[in-house]
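Asks: Whatever this is, show me its structure:
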Amino acid sequence: MLSFPTTTRARVSSGKSLRLSRISDHNTGRMFIVPMDHSVTVGPLGGADHAEVTVRTLAGAGADAVILHRGRVRHVDPTAFAKTGLIVHLSAGTTRSMDTNAKVLVTGVEDAVRIGADAVSIHVNIGSPTERDQLADFGAVSRECERLGMPLLAMMYARGPLRADLPSDASELAHLAAIATDLGADVVKLDYCGDPDEMRRVVESCPIPICVAGGPSADAGDDRAIALGAEILGSGVAGLSFGRNVFEARDPFAVASALARLVHSPAPAIELESA
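Replies: Residues are numbered from 1 along each chain as shown. Got it, this is the predicted structure:
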């Protein structure tokens, strides 16, 4: 039986660690992800070449990864991923459904491995009538990710008929993060509670990296999207997952570049007041 020195063995990364390094900044460990899985939910995001053009734009702007559905990846030249990572989204639902909060698995982890993905993502709506099915899918995907060494990003939202359509507060977000952690996610995507101090409470409760969603396109325009990103990062989260605020911006490259710089800049040192 071959044996290896301890120092050599320590340098060998697991599949998950290696893939996670491809979708995060090497210096800060933080990540700027742009989800583009919306077309299943709401319809085309642009022309037939929208995905290819946008992926190339985001790669040039410094985005760490994009999220696409399996079939859409086939319409993007592989060279477009030379400077950005690929996360394949496994679940789907549409705005035309009788239950718009239902999400079902439409592909699996092995498919993502064959495609060449660096990670996979799932969407879970806690409070949906199909919550238990979505949690069961989460568990199954998590086990496959462990077996195949694939990082798992869990998009966790509180949505359903028994819940008012209001932003999640810190307590609710912390619960969603706890579910993601307990079921084996490597990264969790959450909404923003609207207050960086309250969001920091969520960060402090969660042992896995948190990426925060940008939500609908900022009505105030590109500058507001960038300001929102800066505000969110002030809470100490691990990164941003801004979709529509980026690809629907007046200048997607400028917004993505600004957000990438914010995410990848070292966190400023906190100056303590002298006693």
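
Asks: Can you pull out the low-pLDDT segments for the protein?
Replies: For the chain, the stretches flagged by pLDDT under 70 are 1-13, 216-220, 267-275.

Asks: can you give me the strands for the stretch 101-250 of the chain?
Replies: For the stretch 101-250 of the chain, applying DSSP state E, counting those that start in this stretch gives strands covering 104-105, 119-126, 152-158, 187-190, 210-213, 239-241.

Asks: Contacts for stretch 51-65, please.
Replies: Residues outside stretch 51-65 that contact it (C-beta atoms under 8 Å, 6 or more residues apart in numbering) are 22-25, 31-34, 36, 45-46, 66, 68, 72, 75-77, 80-87, 118-119, 239, 246-247, 252-253, 256-257, 260-261, 263-264. Any C-beta I mention is one placed from the backbone N, CA and C, and that applies to glycine too.

Asks: Measure how far that stretch is from the centre of its chain, please.
Replies: 15 Å (C-alpha atoms, centre = their mean, to the nearest Å).

Asks: re the thing from before, would you show me how to pick out the buried ones of the contacts of stretch 51-65 in ChimeraX?
Replies: In ChimeraX, a selection of the buried entries from the contacts of stretch 51-65 looks like this (16 or more other C-beta atoms under 10 Å):
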select :22,23,24,25,31,32,33,34,36,45,66,68,72,76,80,81,84,85,86,87,118,119,239,246,247,252,253,256,257,260,263,264
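
Asks: Let's see which of the contacts of stretch 51-65 end up in helices.
Replies: In helices, judged by DSSP state H, the following of the contacts of stretch 51-65 are found: 22, 72, 246-247, 252-253, 256-257, 260-261, 263-264.

Asks: now, the most widely separated pair of those residues?
Replies: Arg72 and Arg261 (27.4 Å; C-beta to C-beta).

Asks: is Cys211 in a bridge, and if so with what?
Replies: Lys189, Gly239 (DSSP bridges).

Asks: hmm, back to that, format the strands of the stretch 101-250 of the chain as CSV; extra columns: distance to Arg201.
Replies: Below are those laid out as CSV (distance: least, C-beta to C-beta, whole Å):
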stretch, distance to Arg201
strand 104-105, 32
strand 119-126, 19
strand 152-158, 16
strand 187-190, 12
strand 210-213, 12
strand 239-241, 18
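
Asks: Mind checking those strands for the one nearest to Ala174?
Replies: Of all the strands of the stretch 101-250 of the chain, strand 187-190 comes closest under C-beta to C-beta, at 9.2 Å.

Asks: Mind listing residues that contact that closest one?
Replies: With C-beta under 8 Å, 6+ apart as the criterion, strand 187-190 contacts 20, 31, 33, 119, 121, 151-157, 168, 173, 176-177, 180-181, 202, 206, 208-213, 238, 241.

Asks: now do stretch 221-228
Replies: By C-beta under 8 Å, 6+ apart, stretch 221-228 touches 192, 214, 217-218, 242, 245-246, 249-251, 254-255, 258-259, 262.

Asks: now do stretch 251-264
Replies: 25, 27-28, 30-32, 34, 54, 57-58, 60-64, 222, 225-226, 229-230, 233, 239-240, 242, 245-246, 249.

Asks: how about a cut-off of 7 Å?
Replies: With contacts defined as C-beta atoms under 7 Å, 6 or more residues apart in numbering, stretch 251-264 is touched by 25, 27-28, 30-32, 34, 54, 57-58, 60-63, 222, 225-226, 229-230, 233, 239-240, 242, 245-246, 249.
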